[in-house]
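1. Kindly return the folded structure for what I paste below:
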Amino acid sequence: MTYCIGIKTNDGLVFASDSRTNAGLDNVNIYSKMMTHDVGDRTIIVVTSGNLGTSQAVYKSIEKDLKSDKSKINLNTCKNFEQIASYIGSLNIKHSSPQGMNTDNVLLGSTFIVGGQIKGQQHEMYLIYPQGNYIRPADSKPYLVIGEVKYGKPILDRVIKPDISIGDASRCALISMDSTLRSDLTVGPPIDFAVLKKDSEKLVALECLNISDDVYSKVCNQWSESIFKVFDSFPRFKWEKK
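-> Numbers count the residues shown, from 1 in each chain. Reported below is the predicted structural model:
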């Protein structure tokens with residue numbers, strides 16, 4: 001399984017994804033689930049969960065189309081992010097439905113979050129389903145999560161608001177990821193972490209973080225310590241004082 005986060009703020013976008021593909025007592029494999037394309041007038045970040053074979057096939061097709069002179073559409077020729085979402089969605093259908101499988105019953109599908117900015121346009125983010133359709137995040141909750149979402153989503157629900165700063169969104173993403181890592185063995189490090197500031201020509205951060213790295217450990221350890229301090233400060237029940 002996996003856990004991926006995309007957060008849209010007024011100042012830009014934050015993405016985080018784990019790298020674990022399976023976890024057994026004696027067999028742990030990792031594979032990056034993030035793809036970045038930072039070329040010319042556009043910066044694009046994609047993260048994925050679901051069938052790893054399908055996700056890899058989609059990423060390989062994206063790279064192949066970028067290199068091909070015969071490709072009618074690729075990440076560079078799409079005019080906006082809705083076209084990019086539609087393009088990735090069509091590749092998802094193609095690779096998740098081998099030999100003409102009925103796409104109403106996709107068995108090998110993957111889910112993607114894609115976001116970024118094309119120069120002169122607003123920064124955007126979309127969730128792409130295995131069936132190829134896609135949605136934007138709600139204005140009231142400007143984030144998207146895929147994969148093993150139940151452990152990391154509560155902190156996002158509490159903290160991520162439309163006016164949150166990109167720095168606070170980044171810290172919240174790491175805490176959300178840490179909460180999932182602590183509770184689910186199928187999600188594991190290293191963590192791919194990307195930040196794009198609005199109207200920046202390049203990503204301001206693109207890192208592969210381990211739990212021992214300063215950036216990650218300082219935020220998550222301080223969060224844990226603060227939780228204990230608040231917990232100890234709670235008023236006591238009457239029956240505790242007897």
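
2. make it CA atoms for all contacts and neighbour counts henceforth
-> OK.

3. Heading C-terminal from the lowest-mean-pLDDT helix or strand in the chain, find the next helix or strand.
-> Lowest mean confidence among the helices and strands of the chain (mean pLDDT, DSSP states H and E): strand 28-30, at a mean of 56. As assigned by DSSP states H and E, the chain's next helix or strand after strand 28-30 is strand 34-39.

4. Mind giving me the packing neighbours of that next one?
-> Judged by 3 or more Cα pairs under 8 Å, 6 or more residues apart in numbering; DSSP states H and E, strand 34-39 is in contact with strand 42-50.

5. ok, 10 Å please
-> If you count contacts as 3 or more Cα pairs under 10 Å, 6 or more residues apart in numbering; DSSP states H and E, strand 34-39 packs onto strand 12-17, strand 42-50, helix 52-67, strand 110-118, strand 191-197.

6. From the chain's centroid, how far away is it?
-> 13 Å (Cα atoms, centre = their mean, to the nearest Å).

7. With stretch 71-89 instead?
-> Distance, centroid of stretch 71-89 to centroid of chain: 19 Å (Cα atoms, centre = their mean).

8. Could you do stretch 35-48 as well?
-> Distance, centroid of stretch 35-48 to centroid of chain: 13 Å (Cα atoms, centre = their mean).

9. So which bits of that stretch are buried?
-> Buried residues in stretch 35-48, counted by 16 or more other Cα atoms under 10 Å: Thr36, His37, Arg42, Thr43, Ile44, Ile45, Val46, Val47, Thr48.

10. residues touching the second one, list them.
-> Contact analysis of His37 by Cα atoms under 10 Å, 6 or more residues apart in numbering lists Thr43, Ile44, Ile45, Val46, Glu63, Leu75, Asn76, Gly116, Lys202, Leu203.

11. got the end-to-end distance for stretch 71-84?
-> Length of stretch 71-84, first residue to last, Cα to Cα, to the nearest Å: 14 Å.

12. buried residues in that stretch?
-> Buried-residue list, stretch 71-84, by 16+ other Cα under 10 Å: Asn74, Leu75, Asn76, Cys78, Asn80, Phe81, Glu82, Ile84.

13. Would you reformat those residues as TSV and include distance to Asn10 and secondary structure?
-> Below are those laid out as TSV (distance: Cα to Cα, whole Å; DSSP: H, G, I helix; E, B strand; the rest coil):
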residue	distance to Asn10	secondary structure
Asn74	27	coil
Leu75	24	coil
Asn76	25	coil
Cys78	23	coil
Asn80	19	coil
Phe81	17	helix
Glu82	19	helix
Ile84	21	helix
